[in-house]
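Participant: okay, predicted coordinates and the sequence, questions at the end:
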Amino acid sequence: MTLQEIVAARRSCRRFTDQQPSREVIEQILAEALTAPSSKNTRSTRYIVVTDPAKLKIMSQMRDYGSALLSGTPVGIIVCGDTQASDLWEVNCAISTTILQLAAEEHGLGSCWVHIKDRPHLKDDPSAGTAEQWLTENLPIIPEGWSPLCVVAVGYPEVPAKPHAPKDDSDKVLWIDQM
Ligand SMILES: Cc1cc2nc3c(=O)[nH]c(=O)nc-3n(C[C@H](O)[C@H](O)[C@H](O)COP(=O)(O)O)c2cc1C
């Protein structure tokens with residue numbers, strides 16, 4: 001697949017088959033994500049690969065909206081930043097996650113970004129704390145000094161993704177040409 005084909009094909013995938021991606025293919029995707037550009041080449045992004053269905057089920061409960069898909073997902077990759085390694089660890093994580101999703105697509109896998117950072121555990125009750133706090137209390141697997149940005153759900157898509165609908169994005173790009 002060309003990059004153009006990969007970019008065109010990538011859609012968020014929230015339903016997966018029971019087929020478990022091999023460790024080899026996940027390692028290949030992570031190797032590609034680890035080449036991501038990073039501020040001052042700090043390479044501050046860290047990954048926690050979760051394949052245990054019981055732990056994925058706990059992760060699915062970190063928010064009361066938008067994270068349920070993690071239950072039944074074959075692989076959940078928690079994308080974290082080493083907060084000491086870079087002041088721009090969040091930005092570095094976001095770039096790494098994008099590359100990870102494109103690499104997954106190249107290998108025939110679907111993926112979906114499930115956000116953690118600054119998201120509430122309960123949408124309508126800020127007093128219930130954040131998704132990150134809930135996860136730290138209920139699933140203490142994130143090493144000290146690593147802060148999570150998101151989880152990427154990864155697996156083989158249950159149904160082929162619909163292509164992006166054509167849109168008029170002319171208001172999103174500004175050209176400054178010489179007059
Ligand atoms: C920063 C960010 C946070 C997201 N958080 C979630 C999420 O928590 N749950 C979810 O199901 N999808 C999440 N998504 C996926 C978006 O909903 C999805 O990318 C968007 O609707 C566009 O659809 P597409 O990915 O199929 O092009 C997130 C995407 C991004 C980039």
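Facilitator: Received the coordinates, thanks. Keep in mind that what you see is a predicted model, and the values were worked out from it rather than measured.
Participant: helix, strand, or coil at residue 78?
Facilitator: The three-state label given to residue 78 by DSSP: H, G, I helix; E, B strand; the rest coil is strand.
Participant: what residues are up against the closest residue to residue 85 other than its chain neighbours?
Facilitator: Once flanking residues are discounted, residue 85 sits nearest to residue 44: 3.7 Å by Cβ to Cβ, 6 or more residues apart in numbering. To be clear about C-beta, it is placed using only N, CA and C from the backbone, and glycine gets the same treatment. With contact set as Cβ atoms under 8 Å, 6 or more residues apart in numbering, residue 44 has these partners: 38, 81, 82, 83, 85, 86, 88, 89, 92, 93.
Participant: show me which residues of the protein sit near the ligand.
Facilitator: 11, 12, 14, 66, 69, 112, 113, 114, 115 (Cβ under 6 Å from any ligand atom).
Participant: and the contacts of the strand or helix carrying residue 56?
Facilitator: Following DSSP states H and E, one finds residue 56 within helix 53-60. Applying Cβ under 8 Å, 6+ apart, the external contacts of helix 53-60 come out as 50, 67-73, 76, 78, 135, 138-139, 141, 151.
Participant: separation between residue 154 and residue 165?
Facilitator: 24 Å (Cβ to Cβ, to the nearest Å).
Participant: partner strands of the strand or helix carrying residue 150 and their direction?
Facilitator: Assigned by DSSP H and E, residue 150 belongs to strand 146-155. If you go by DSSP bridges, strand 146-155 pairs up with strand 75-82 (antiparallel), strand 110-115 (antiparallel).
Participant: for the nearest residue to residue 11 once chain neighbours are set aside, grab the count of nearby residues.
Facilitator: Excluding the flanking residues, the one nearest residue 11 by Cβ to Cβ, 6+ apart is residue 161, at 3.8 Å. The tally of other residues near residue 161 (other Cβ atoms under 10 Å) stands at 13.
Participant: thought residue 9 was touching residue 161, still the case?
Facilitator: Yes. Using Cβ atoms under 8 Å, residue 161 is in contact with residue 9, at 6.6 Å.
Participant: returning to that earlier point: filter the contacts of residue 44 down to the buried ones, PyMOL style.
Facilitator: In PyMOL, this line selects whichever of the contacts of residue 44 come out buried by 16 or more other Cβ atoms under 10 Å:
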select buried, resi 38+81+82+85+86+88+89+92+93
